[in-house]
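Participant: take a look and give me a structure for this.
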Amino acid sequence: MADMLPPVLLVGCGNMGGAMLDGWLKEGLAPSFIIDRHRPSVPAPHHLVRSEDEVPDSFHPGMIVLATKPQKVDAVMSAIAPFALRAPVLSVLAGRRSGDLADRLTDALPAGSPMPVVIRAMPNTPSSIGQGMSVCYAPPAATPAQRALCTRLLRAVGDVAWIDHEDQMDVVTAISGSGPAYVFLLAELLEETGVAQGLPPALARQIARQTVAGAGALMIQGGMDAATLRRNVTSPGGTTQQALEVLMAPDAWPAALATAVRAAARRSRELSGASPVS
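Facilitator: So this is what the prediction gives:
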């Protein structure tokens, strides 16, 4: 197939790595190597190995994708470094900066070797159903073709956007990376409140989940911004207005969400070793 995705060396195939692999398989993926100690199998003609040392030297990937746990990636750098001279690296590791990963790969290569190109991305958990949001950063050394390949790989599991400054990745992490948890919390609280107000638990769960899911779908498919959609639901003097007067009070949702996002972004900076920002 002319439009088949190129071969990939996927390092780690847990929740996020598995979601990406599933998307690539649907798109059509050239024979690839997947390194994972726990996944039971991958479909032919792809190869599942338990250790990076089992990947043959003759393999020429189009992209190396780092999807292992961030604290475990250093242990595989020496083995995958030679492949990083043949293909760019796409890292989906939270809190690991692209320059740091490139330096560690370079340290594992012979002196005088060119520095590998490491592109960083932050996908989120809806990628598991093809509805993810991935935000990417590429260093200046990355070519347009390498950026395009990253976009193509990540678009298999959802939408893709690019940022020009890696420091913005901390806020991206706090909003889109952690954001699904905020939405799940909203559904959880709506369900709990419904039960507390006398609804049967099954009904409370059904209407809470479908309300959140339907509102999200309307926001994407309707083409209107969120503020307009909110105003469209809010009749003057009606029930929605009464609720929003509580939720939108300065010390309620606006303050709480802003504080939460700042806390998540601060933790992302701490994990990456970057200087804190107040």
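
Participant: name the helices or strands packed onto the helix or strand hosting residue 220?
Facilitator: Using DSSP states H and E, residue 220 sits within helix 201-222. Helix 201-222 sits against helix 179-196, helix 226-233, with contacts defined as 3 or more CB pairs under 8 Å, 6 or more residues apart in numbering; DSSP states H and E. (Each C-beta comes from the backbone N, C-alpha and C, glycine too.)

Participant: what do you get if the cut-off is 6 Å, keeping everything else the same?
Facilitator: For helix 201-222, the packing partners by 3 or more CB pairs under 6 Å, 6 or more residues apart in numbering; DSSP states H and E come out as helix 179-196.

Participant: quick check: angle from the helix it packs on to helix 201-222?
Facilitator: Our comparison of helix 179-196 with helix 201-222, counting by axes from the mean of the first three to the mean of the last three CA atoms, to 10 degrees, yields an angle of 140 degrees.

Participant: just the CA trace of helix 179-196, in PDB.
Facilitator: What follows is helix 179-196, C-alpha atoms only, in PDB (Å, rounded to 0.1, in the frame of the first residue of the first chain):
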ATOM      1  CA  GLY A 179      -8.100  17.400  31.500                       C
ATOM      2  CA  PRO A 180     -10.000  14.100  30.900                       C
ATOM      3  CA  ALA A 181      -9.800  13.600  34.700                       C
ATOM      4  CA  TYR A 182     -11.500  16.900  35.300                       C
ATOM      5  CA  VAL A 183     -14.300  15.900  32.900                       C
ATOM      6  CA  PHE A 184     -14.700  12.500  34.600                       C
ATOM      7  CA  LEU A 185     -14.800  14.300  38.000                       C
ATOM      8  CA  LEU A 186     -17.700  16.400  36.700                       C
ATOM      9  CA  ALA A 187     -19.600  13.300  35.600                       C
ATOM     10  CA  GLU A 188     -18.900  11.700  38.900                       C
ATOM     11  CA  LEU A 189     -20.100  14.600  40.900                       C
ATOM     12  CA  LEU A 190     -23.300  15.000  38.700                       C
ATOM     13  CA  GLU A 191     -24.000  11.300  39.300                       C
ATOM     14  CA  GLU A 192     -23.400  11.600  43.100                       C
ATOM     15  CA  THR A 193     -25.600  14.700  43.300                       C
ATOM     16  CA  GLY A 194     -28.400  13.000  41.400                       C
ATOM     17  CA  VAL A 195     -28.400  10.100  43.800                       C
ATOM     18  CA  ALA A 196     -28.300  12.400  46.800                       C
END
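
Participant: quick one: average pLDDT of it?
Facilitator: Averaging pLDDT along helix 179-196 yields 98.

Participant: which residues does it contact?
Facilitator: 124, 125, 201, 204, 205, 208, 209, 212 (CB atoms under 6 Å, 6 or more residues apart in numbering).

Participant: and the fourth one, how many residues sit next to it?
Facilitator: Translated: residue 204. 19 (other CB atoms under 10 Å).

Participant: residue contacts, it?
Facilitator: 191, 194, 195.

Participant: tally of neighbours for the residue lying closest to it once chain neighbours are set aside?
Facilitator: In space, and not counting its chain neighbours, residue 204 is closest to residue 194: 3.2 Å by CB to CB, 6 or more residues apart in numbering. Neighbour count of residue 194, defined by other CB under 10 Å: 18.

Participant: any idea how far residue 194 lies from residue 202?
Facilitator: Separation of residue 194 from residue 202 (CB to CB, to the nearest Å) stands at 10 Å.

Participant: where does pLDDT dip in this protein?
Facilitator: Residue ranges of the chain with pLDDT under 70: 1-2, 274-278.

Participant: so who does the residue sitting furthest away from the middle of it touch?
Facilitator: Distance from the C-alpha centroid of the chain, by CA atoms, centre = their mean, peaks at residue 237 (40.5 Å). Applying CB under 6 Å, 6+ apart to residue 237 gives no contacts.

Participant: that one should be in a strand, yeah?
Facilitator: No. Counting by DSSP: H, G, I helix; E, B strand; the rest coil, residue 237 is not part of a strand but coil.

Participant: roughly how far does it sit from residue 245?
Facilitator: Using CB to CB, we find residue 237 at a distance of 11 Å from residue 245.

Participant: check residue 234 too.
Facilitator: Taken as CB to CB, the span from residue 234 to residue 245 is 10 Å.

Participant: can you check residue 146 too?
Facilitator: Relative to residue 245, and taking CB to CB, residue 146 is found at 50 Å.

Participant: neighbour count for those two, which is higher?
Facilitator: Comparing residue 146 with residue 245 by other CB under 10 Å, the one with more neighbours is residue 146, at 19 against 10.
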